[in-house]
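Participant: Show me the folded form of this:
(2 chains)
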Amino acid sequence: MADPASREPPTTQRSAVVRDSLGVGAATGLYGVSFGAVSVASGLSVLQTCALSLVMFTGASQFAFVGVVAAGGAPLSGALTALMLGTRNTLYGLKLAPLLQFRGWRRPTTAHLVIDESTAMSVLRESRDLARTGFVATGVAVFVLWNLFTLVGALAGNLIGDPRTYGLDAAVGGAFLALLWPRLTDPRNRVIAVCAAAIALGVVPVTAAGVPVLVAGGVALLAGVLTRSAGDPTELPGP
Amino acid sequence: MIWFAILGAGLGCYLLKLAGVSLPARVLDHPVVERVADLIPVALLAALVAVQVFADGTRLTIDARAAGLAAAVVALLLRAPFLVVVFVAAVTAALFRLVFPGT
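Facilitator: This next block holds a predicted model:
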């Protein structure tokens, strides 16, 4: 890493980073609508849906939680699946910490903003100042808009009646596939994805709802411990 | 129970983020940590896709959701953004149910 603190970037450079960050924030925040609608369709209340976006604030985990609950799984299975997906934010944090160097009260505050998008908009910057700008601007923009549009989606979802009529149950599968898609460029990931899907479907008839997904996660853990590294697994994913 | 799960998992997800920005970066140098961290989201998301689309309780089934998923694949191949992919999956499944009620 270059010495990032040595020079102050020109204001134009910083405002370009802010502009990009707000664009990413708007695009990401908007799909809070789909989360809000899917969540109330899963049987959660508007308040519970908004609490997930405020407190959990990491999209894939939120979709996983409501997906497992919608399938009739125990809330505990939903929580465990959400936590397992949340581990990738730990990985992002490990990469971000030396770059951003937040100290004191700023560290626990900004930690909540560690998500896919804020990481992507930060790690490639050439100075600490620009990295911080990208991280905070993207994180705050996504947080505000994601929560706002979650509420909009939840209220709209409550008004429309049976969600199956609108294919909202199929929207969840589409959402997970869209989150998975950018990671499938790696051949090893494709193998893992196919195995995980097959194993999960294999145990569906013999376990409670929610458990098949956890079994697949366990298999990934085992594969990670037992296999040798191939290629570069540090590539940043999409949304 | 559901509130307990929501708040517990939410707090847990925050603590996972906080751990990342607080732990020494050399944890990442351990290859097993890096591989597992990379594989878990892939496996979980793939399993979630499969279960969301092909499971109905403890039964495996092919219904309108499979049509929605196929449409999502086409949208992704055409490089559609996230929201469009989700919308296409929903609309396709809804239309499929209009044509074939009960699926």
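Participant: pretty sure A:Cys50 contacts A:Leu148?
Facilitator: No. Contact criterion Cβ atoms under 8 Å: A:Cys50 and A:Leu148 do not qualify, at 9.9 Å. Any C-beta I mention is one placed from the backbone N, CA and C, and that applies to glycine too.
Participant: could you list every residue that touches the residue in chain B positioned nearest to chain A?
Facilitator: Distances between chain B and chain A by Cβ to the nearest Cβ are smallest at B:Gly20, namely 1.9 Å. Applying Cβ atoms under 8 Å, 6 or more residues apart in numbering or on different chains, we find B:Gly20 in contact with A:Asn89, A:Thr90, A:Leu91, A:Tyr92, A:Gly93, A:Leu94, A:Leu96, A:Ala97, A:Ala111, A:Val114.
Participant: Kindly recompute the last result at 10 Å.
Facilitator: Residues in contact with B:Gly20, defined by Cβ atoms under 10 Å, 6 or more residues apart in numbering or on different chains, are A:87-97, A:111, A:114, A:119, B:27-28, B:37.
Participant: With B:Phe82 instead?
Facilitator: Contacts of B:Phe82 (Cβ under 10 Å, 6+ apart): A:27-28, A:30-31, A:34, A:59, A:174-175, A:178-179, A:181, A:238-239, B:75-76.
Participant: Go ahead and build a ChimeraX selection from the buried members of those residues.
Facilitator: Of those, the buried ones go into a single ChimeraX selection, burial set by 16 or more other Cβ atoms under 10 Å in any protein chain shown:
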select /A:27,28,30,31,34,59,174,175,178,179,181,239 /B:75,76
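Participant: So which of the contacts of B:Phe82 is the closest to B:Ile6?
Facilitator: If you rank the contacts of B:Phe82 by distance to B:Ile6 using Cβ to Cβ, A:Gly59 comes first, at 15.2 Å.
Participant: any idea of the pLDDT on that closest one?
Facilitator: Looking at A:Gly59, its pLDDT stands at 90.
Participant: hang on, it packs against A:Val142?
Facilitator: Yes. If you go by Cβ atoms under 10 Å, A:Gly59 and A:Val142 touch, sitting 9.1 Å apart.
Participant: Which neighbours do the two have in common?
Facilitator: A:Thr28, A:Gly32, A:Ile115, A:Asp116, A:Glu117.
Participant: quick one: A:Gly67 from chain B, how far?
Facilitator: According to Cβ to the nearest Cβ, to the nearest Å, A:Gly67 stands 6 Å off from chain B.
Participant: name the element that residue belongs to?
Facilitator: Using DSSP states H and E, A:Gly67 sits within helix A:59-70.
Participant: Which residues in that helix does the neighbour count mark as buried?
Facilitator: By neighbour count on 16+ other Cβ under 10 Å, the buried set for helix A:59-70 is A:Gly59, A:Ala60, A:Ser61, A:Gln62, A:Phe63, A:Ala64, A:Phe65, A:Val66, A:Gly67, A:Val68, A:Val69, A:Ala70.
Participant: In JSON lines: the residues you listed, plus distance to A:Ala208.
Facilitator: Below are the buried residues of helix A:59-70 laid out as JSON lines (distance: Cβ to Cβ, whole Å):
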{"residue": "A:Gly59", "distance to A:Ala208": "25"}
{"residue": "A:Ala60", "distance to A:Ala208": "22"}
{"residue": "A:Ser61", "distance to A:Ala208": "20"}
{"residue": "A:Gln62", "distance to A:Ala208": "21"}
{"residue": "A:Phe63", "distance to A:Ala208": "20"}
{"residue": "A:Ala64", "distance to A:Ala208": "16"}
{"residue": "A:Phe65", "distance to A:Ala208": "16"}
{"residue": "A:Val66", "distance to A:Ala208": "17"}
{"residue": "A:Gly67", "distance to A:Ala208": "15"}
{"residue": "A:Val68", "distance to A:Ala208": "10"}
{"residue": "A:Val69", "distance to A:Ala208": "12"}
{"residue": "A:Ala70", "distance to A:Ala208": "14"}
